[in-house]
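K.L.:
pasting the structure only:
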């Protein structure tokens, strides 16, 4: 590892304009692919919380607790003022991550209340969902409306992380966890509430009731979030036409996709792509 190594990083990065608008606020959010072993090192830590999760490839994280391996689906959280370093290891390194940073005058006590004011390196199921899409959209919108949406999406994401780590969201046990992984690995056009219920070995009615009790959302809402999250990934990470993305993500047609995407983000798919990549 060498801080003078050739930097080979593909990055999409969005930062809040101005100081925190709320006691706990999103400072920035981003997507990054590291293509070499360049070291990111902060011996004295940062002035904010860092939450990062591995999408593809592998990474390494060094903290006062030691060196941690980061596989796909693994989240790491580093509190403020905590020395750390991270990098993509190996002879042919490849590490794709998503991340966000948090600050605000009550960020530390709030995270402490959620059990998140500490170094964490844990695998999480079905993470992060559509919360990041909503945060990203809200960061682009100034004023009270954008700020409120950003706060709601941020707090929801933090509670989802806290619930998974505490096990409170997994009363259904390993069976529920496995179901989330199964859904994430299916072709989006093949996903349906009936298929999820059959995979769980339950009737659709019983499954829907259990699912809502565990997650706070209906299976239909969950599937919509999964599809929209995948669509957002394809809009930002590919040049595929909107119509093709709609089909790959399981929407009836491009018009249906556009309506649902605009409902969730406030932007049409085409405008969302143009805004994000400019």
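P.N.:
Looks like it came in fine. All values reported here derive from a predicted model rather than from experimental measurement.

K.L.:
Enumerate the positions of stretch 217-225 that are buried.
P.N.:
Using 16 or more other C-beta atoms under 10 Å as the test for burial, stretch 217-225 gives 219, 222-225. C-beta coordinates here come from the backbone N, C-alpha and C atoms, glycine included.

K.L.:
average pLDDT across that stretch?
P.N.:
pLDDT averaged over stretch 217-225 equals 79, rounded to a whole number.

K.L.:
starting at the chain centroid, how far to it?
P.N.:
Taking the mean C-alpha point of stretch 217-225 and that of its whole chain, the gap between them comes to 16 Å (C-alpha atoms, centre = their mean, to the nearest Å).

K.L.:
ok so, going back, any chance of JSON lines for the buried residues of stretch 217-225, columns secondary structure and distance to residue 32?
P.N.:
As requested, these are exported to JSON lines (DSSP: H, G, I helix; E, B strand; the rest coil; distance: C-beta to C-beta, whole Å):
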{"residue": "219", "secondary structure": "helix", "distance to residue 32": "32"}
{"residue": "222", "secondary structure": "helix", "distance to residue 32": "27"}
{"residue": "223", "secondary structure": "helix", "distance to residue 32": "28"}
{"residue": "224", "secondary structure": "helix", "distance to residue 32": "27"}
{"residue": "225", "secondary structure": "helix", "distance to residue 32": "23"}
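
K.L.:
which residues of the stretch 51-200 of the chain score low on pLDDT?
P.N.:
For the stretch 51-200 of the chain, applying pLDDT under 70 flags the ranges 125-134, 138, 140-145, 167-181, 183-190.

K.L.:
now the helices for it?
P.N.:
Shown for the stretch 51-200 of the chain, the helices assigned by DSSP state H, counting those that start in this stretch span residues 107-113, 131-140, 143-166, 174-184, 193-200.

K.L.:
Give me the buried positions along the first one.
P.N.:
Within helix 107-113, the residues that count as buried by 16+ other C-beta under 10 Å are 107-108, 110-111.
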